[in-house]
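Asker: Next one to model:
(one chain, ligands or ions: 2)
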Amino acid sequence: MKRIAVIAGDGVGKEVVPEGIKVLQATGSQLDFEAFPWGSEFYERTGRMMPEDALDTLQRYDAIYLGACGWPTVPDHVSLWGLLLPIRKSFEQYVNLRPVRCLPGIAGPLSNRGPQDVDMVFVRENTEGEYSGTGGRVHVGHPQELAVEVPVFTRHAIERCARFAFERARERRRRLVSVTKSNASRYAYVLWDEVVAGLGQAEYPDVAVERVHVDAMAARMVTRPESIDVVVASNLFADILTDLGAALQGSLGLAASANLNPERRHPSLFEPVHGSAPDIAGQGKANPIGAIWSGALLLRHLGEEANAARIEAAIDRVTAEGEFLTGELGGRAGTAEVGDAIAREVRRE
Ligand code: IPM
Ligand code: MN
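Answerer: Ligands and ions are numbered 1, 2, ... in the order given. As a prediction, the model looks like this:
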């Protein structure tokens, strides 16, 4: 029995997480879910997003399943730095793995492009870079106020993330795109480029590495998505590019992610890429597919490849068939109807 800590969190997180659990249970995998009521409402009651000993508590679980973190009543930098970001950093979840794949039956914004063209895997550095949290503000509120936010890049963190990406490239088309901005940046992305190139030459000579600047990459994802397979990029760049990826898939509601500690010293965290979506929260119309797909990534990480693949195949069948789609995809189904349809397909196999 694997123990899963569930943090549904805020907004539509509370609506999509039950659908993910429903589908995970439909696989028959031996999972024991325990819910933690943390998030912005918890903050309003206690002044904290999660208890002081939350990380010790979570450490005892095999994985963490998260819905969304953030709500208009709490400043975003407070909610994120009180829950999601400390978990990613303290648990050394140094890879944020994000599949970007068009699903059958869903027309993305690119004409004549479908699952055969858009099938990428993003490996996002998830512990440092532009999200290092290093910096400060002085002269607060005065005209001379100054804020510094320092991106931090270490050889150690770049290399472990790149290694993970090279391994994924070996399982796929042996092509890796490394995204930086080492023309305008003089230090950090130059180091990144050197580390990736060095690792490639020394240990992965069978993988073709392409170095692409982030601005050019944004365009290429739209104009030549079929030329992209595995991508490795910094925290900020991959954050932005994976939202573009979600748009290429047809909806942010479809995008899944895994925050991985590949060494398994700490639990990994699985969450849809979309946030709490206050504009549609509480209405039962959020798309649960991103959360359900993240559940498949959770099973894969726990070694249950067959059941992970069953969930992914069930999602594909439901989107291909087209009867149970949420509103933003042009359908009329509610959150729970989509979850039910996918759970039915999982059981059918
Ligand atoms: C994501 C989100 C987070 C991130 C925010 C909410 C801090 O945008 O998971 O992509 O940028 O990591
Ligand atoms: Mn993001």
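
Asker: which residue packs closest to Ala333, ignoring adjacent ones?
Answerer: On the basis of CB to CB, 6 or more residues apart in numbering, the spatially nearest residue to Ala333 that is not a chain neighbour turns out to be Phe324, at 4.3 Å. The C-beta positions use only the backbone N, C-alpha and C, and glycine is treated the same way.

Asker: who are the neighbours in contact with that neighbour?
Answerer: Counting by CB atoms under 8 Å, 6 or more residues apart in numbering, Phe324 makes contact with Val318, Gly331, Ala333, Glu337, Val338, Asp340, Ala341, Ile342.

Asker: Is it correct that the third one is in contact with Glu321?
Answerer: No - applying CB atoms under 8 Å as the test, Ala333 and Glu321 come out as separate, 11.4 Å apart.

Asker: So for these two, which residue has more residues nearby?
Answerer: The residue with the greater number of neighbours, taking Ala333 and Glu321 and applying other CB atoms under 10 Å, is Ala333; the counts read 21 against 13.

Asker: The more buried one and Gly322, how far apart?
Answerer: Note on Ala333: its distance to Gly322, by CB to CB, to the nearest Å, is 10 Å.

Asker: where along this structure do the strands fall?
Answerer: Secondary structure of the chain, counting by DSSP state E: strands at 2-9, 31-35, 63-68, 95-101, 119-125, 129-138, 146-152, 175-180, 208-213, 230-233, 256-260, 268-272.

Asker: Mind putting those strands into CSV with mean neighbour count?
Answerer: Formatted as CSV, the strands of the chain follow (neighbours: other CB atoms under 10 Å):
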stretch, mean neighbour count
strand 2-9, 22
strand 31-35, 15
strand 63-68, 25
strand 95-101, 24
strand 119-125, 24
strand 129-138, 14
strand 146-152, 12
strand 175-180, 23
strand 208-213, 16
strand 230-233, 27
strand 256-260, 26
strand 268-272, 27
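
Asker: Now the stretch 151-300 of the chain against ligand 1: closest residue?
Answerer: Asp239 (4.2 Å; CB to the nearest ligand atom).

Asker: Could you check how far that residue is from Gln59?
Answerer: Here the criterion is CB to CB. By it, Asp239 lies 26 Å from Gln59.

Asker: Spatially, which residue comes closest to Asp206, not counting chain neighbours?
Answerer: Nearest residue to Asp206, sequence neighbours excluded (CB to CB, 6+ apart): Arg174, at 5.9 Å.

Asker: ditto for Phe166
Answerer: The shortest distance from Phe166 to any residue that is not its chain neighbour, by CB to CB, 6+ apart, is 4.3 Å, and that residue is Tyr204.

Asker: Kindly confirm whether my reading is correct that the one you found touches Arg170.
Answerer: Yes - taking contacts as CB under 8 Å, Tyr204 lies within contact range of Arg170: 7.1 Å.

Asker: Of the two, which one has the most company?
Answerer: Applying other CB under 10 Å to Tyr204 and Arg170 shows that Tyr204 carries more neighbours, namely 20 against 14.

Asker: show me what contacts the more buried one?
Answerer: Phe166, Ala169, Arg170.

Asker: Repeat that for Val78.
Answerer: Shown in contact with Val78 (CB under 8 Å, 6+ apart): Tyr43, Met49.
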